[in-house]
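need coordinates for the below:
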Amino acid sequence: MIWLKERRNASIAESVLNSEELDKTVARLVVASRNDGYAQGYAECSHHVVSSLKVDWDTSRSATYGVNTDAALAAMKTEFNNLQLTVMDLINVVLQSDDHVAQLREFFPYGEDEDEDLT
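Numbering: from 1, shown residues only. As a prediction, the model looks like this:
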């Protein structure tokens, strides 16, 4: 357990944070969020122009015109919240074994000389 505390917890966290699945999903979530923020900001600005100047404002020039950015952002939030990471699936399987520390050592190896003092 000392080995797990000293070495593997950081490796497991790094594996989660550096997973390709998480990276790609977060990138798509950021883009969807940015698009939705832009669309809402443009709509609010247009509303102020129409109210203040009492003119019709052509919103068809907006980059998000005709795009349901609310739905796209909601879909990306759902995808993020339901994200399945391969490394977490692996860890769940390992935790079911009788000797999960030995299993974790196998999946997250460290140099043997670094492990000697932690056994």
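
which strand or helix spans the residue positioned nearest the centre of the chain?
The residue lying closest to the centre of the chain (C-alpha atoms, centre = their mean) is residue 26, at 3.6 Å. Using DSSP states H and E, residue 26 maps to helix 20-53.

walk me through the domains of the chain.
Following automatic domain parsing, the chain resolves into domains at 1-19+85-119, 23-82.

looking at the ones you listed, which one has the lowest mean pLDDT?
Lowest mean pLDDT of the domains of the chain: domain 1-19+85-119, a mean of 73.

secondary structure class for residue 67?
Using DSSP: H, G, I helix; E, B strand; the rest coil, the structure places residue 67 in coil.

what about it, how many residues nearby?
Applying other C-beta atoms under 10 Å, we find 13 residues neighbouring residue 67. Quick note: C-beta positions are derived from backbone N, CA and C, even for glycine.

got the phi and psi for it?
phi -100, psi 130 (degrees, to the nearest 10).

my guess is it contacts residue 38. True?
No. Using C-beta atoms under 8 Å, residue 67 is not in contact with residue 38; the gap is 10.2 Å.

which residue lies farthest from the center of this protein?
The chain, farthest from centre, C-alpha atoms, centre = their mean: residue 54 at 43.2 Å.

who touches the strand or helix carrying residue 13?
Assigned by DSSP H and E, residue 13 falls within helix 9-17. The contact list for helix 9-17, computed with C-beta atoms under 8 Å, 6 or more residues apart in numbering, reads 22, 85, 87, 88, 91, 104, 108, 110.

picking up where we left off before, now do the helix holding residue 26 and helix 9-17, the angle between them.
50 degrees (axes from the mean of the first three to the mean of the last three C-alpha atoms, to 10 degrees).

which residues touch residue 66?
Not one residue lies near residue 66 by C-beta under 8 Å, 6+ apart.

taking the contacts of helix 9-17 one by one, which sit in helices?
22, 87, 88, 91, 104 (DSSP state H).

how much space between the second one and residue 102?
Yep, that's residue 87 we're talking about. In this view, residue 87 and residue 102 are 18 Å apart by C-beta to C-beta, to the nearest Å.
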